[in-house]
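A.B. asks: model the following, please.
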Amino acid sequence: MSVFPFTEPGDRAGRALRRAPQSDRDWLLRCYMLRGTDALAGSVITYAVPLLVLTLTHSVMWTGLAFLLEWVPRLAAIVLGGPLVDRHSPQTAVLATSLLRGAAAVLTLVGVSLGAGLPVVLGFGVIAGMLAEGSFLAVESLGAEASRRAGAQTHRVQSRFTAIDQSAALLGPLIGGALLLAGPALLLSTVAILSTVTITTALVMSTQRVRLRLVADTGRERARDALAGGLDGVLRTPALAWLVGTLAAANFASGVLQVSTPITITEDLHHSTAATGLVWSVAAAASLVAVLASKSAIDRFGLFPVILASSVVTCTAAAAAAFAPSLLTYTAAVATLMAAEGAATVALRTARARLIPARRFAATLSVCVLLVLVPLPLAGLLVAAVPAANVRALLFASALAVAVATTVCLMGLHRHRHAYENPAAEPTAQEKALRAEAS
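C.D. replies: Predicted coordinates:
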């Protein structure tokens with residue numbers, strides 16, 4: 001397959017694109033590069049900040065609080081970032097967030113060198129978290145523009161974007177853990193360098209192509225009104241509400257595991273912070289394989305069976321991680337959980353694309369993302385509230401709670417499966433919105 005997903009030999013769309021100006025191909029390549037560098041910087045920060053706090057404080061409480069402080073502002077950024085991205089071009093938003101992230105990394109490096117330590121790192125986690133969500137919304141807008149141009153080959157574009165995201169998730173923890181062994185200076189310098197590459201790519205991108213609006217002129221709508229309209233869209237679609245609940249439950253299990261893993265590995269299993277990065281890299285690799293394999297599984301068995309099987313494996317693996325006696329068995333449990341979650345995410349996002357109503361598409365999607373991410377700061381708060389000796393017990397209790405919540409949500413999804421299982425004989429809600437915008 002070509003690096004440009006809709007340029008296969010013999011493909012009608014590919015032949016049309018080969019006749020297009022070279023600048024179109026350059027723009028698409030820069031989209032991939034922009035998403036790659038931005039995702040890698042965000043992945044390094046997400047996994048490295050709790051590790052850095054643990055290294056500085058050797059405190060479970062501060063590690064959990066760092067995760068909490070990193071994610072709470074992200075929720076606000078999701079609500080406020082959408083209208084800003086709509087009002088300005090996505091590459092302008094990426095440029096601004098990358099500039100601020102690079103500057104924050106440099107200032108944090110100076111603060112750590114001067115002995116400020118923990119307060120500076122916590123502040124960097126808050127700022128970097130907000131900027132990560134803003135840049136995520138911007139690159140998603142660029143991805144929507146690329147998908148619209150791909151036409152019938154949209155799935156190939158999204159396949160490339162998903163592969164880029166999973167590769168960043170694979171490399172981020174490994175890079176972060178390895179760099180942290182050399183000290184915070186090298187880690188923060190790498191974040192600044194990645195931000196610089198993103199800035200350079202955004203500067204050379206064409207500006208006339210990416211002013212995307214999925215629904216007619218909602219860019220100037222107040223964030224509060226957009227949020228209320230999106231929430232109404234979720235509540236009016238029962239299958240979508242159950243789907244969001246399933247994703248939120250899985251995210252809670254993943255969040256507790258993510259924030260407790262550095263503590264478990266360093267305090268309980270007595271390994272270095274580099275081992276934490278290795279665990280998450282192995283897990284991300286397993287997740288990438290599961291994502292690639294999920295398409296054929298969905299084609300063969302349908303969406304709901306894949307969601308059901310993945311959810312059962314997720315809950316079982318979370319419980320197994322709570323009792324893993326060694327680093328090898330713990331890594332296997334985490335990798336199994338992340339693989340199951342990756343397959344479930346593909347199926348759930350496919351169902352979500354079919355369920356979100358065309359009216360207020362962007363607002364409804366923002367509410368879905370907001371509700372799905374709410375459990376992450378809650379996971380950080382819970383880990384911060386328990387001593388290190390009880391972190392494994394908290395993980396097991398969380399696995400049981402997630403199993404109960406997931407069971408309830410799966411029952412609702414099964415009752416309403418006709419709403420999302422039927423292949424799109426008609427265009428999906430997103431396709432309808434894109435076609436209306438194109439007209």
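A.B. asks: name the element residue 241 belongs to?
C.D. replies: For residue 241, the enclosing helix or strand under DSSP states H and E is helix 238-263.
A.B. asks: ok, and for that helix, which residues are buried?
C.D. replies: In terms of neighbour count (16 or more other Cβ atoms under 10 Å), helix 238-263 has its buried residues at 239-263. C-betas here are computed from N, CA, C, even on glycine.
A.B. asks: cool, and stretch 307-323?
C.D. replies: Applying a neighbour-count criterion of 16+ other Cβ under 10 Å, the buried positions in stretch 307-323 are 307-311, 313-322.
A.B. asks: any idea how far the nearest residue to residue 240 once chain neighbours are set aside is from residue 337?
C.D. replies: The shortest distance from residue 240 to any non-neighbouring residue, by Cβ to Cβ, 6 or more residues apart in numbering, is to residue 355 (4.2 Å). Note on residue 355: its distance to residue 337, by Cβ to Cβ, to the nearest Å, is 25 Å.
A.B. asks: so the two - more neighbours on which side?
C.D. replies: residue 337 (28 against 24; other Cβ atoms under 10 Å).
A.B. asks: give me the three-state assignment for that one.
C.D. replies: Taken by DSSP: H, G, I helix; E, B strand; the rest coil, the conformation at residue 337 corresponds to helix.
A.B. asks: so what pLDDT did it get?
C.D. replies: The pLDDT attached to residue 337 in the predicted structure is 92.
A.B. asks: then residue 42?
C.D. replies: Model confidence at residue 42, expressed as pLDDT, equals 85.
A.B. asks: again, but for the one 3 residues further on
C.D. replies: Turning to residue 45, the model gives it a pLDDT of 82.
A.B. asks: and it, how far from residue 52?
C.D. replies: Distance check for residue 45 against residue 52: by Cβ to Cβ, it reads 10 Å.
A.B. asks: same question for residue 321.
C.D. replies: Noted for residue 321: a distance of 23 Å to residue 52, by Cβ to Cβ.
A.B. asks: kindly report the same for residue 421.
C.D. replies: Relative to residue 52, residue 421 is positioned 45 Å away (criterion: Cβ to Cβ).
A.B. asks: tell me which stretches of the stretch 101-250 of the chain form helices.
C.D. replies: Chain-ordered helices for the stretch 101-250 of the chain, with DSSP state H, counting those that start in this stretch as the definition, fall at 118-150, 154-181, 184-203, 223-235, 238-263.
A.B. asks: save the ones you listed as a markdown table, and put in mean pLDDT too.
C.D. replies: A markdown table is the format used below for the helices of the stretch 101-250 of the chain (pLDDT from 0 to 100):
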| stretch | mean pLDDT |
| --- | --- |
| helix 118-150 | 78 |
| helix 154-181 | 74 |
| helix 184-203 | 86 |
| helix 223-235 | 73 |
| helix 238-263 | 89 |
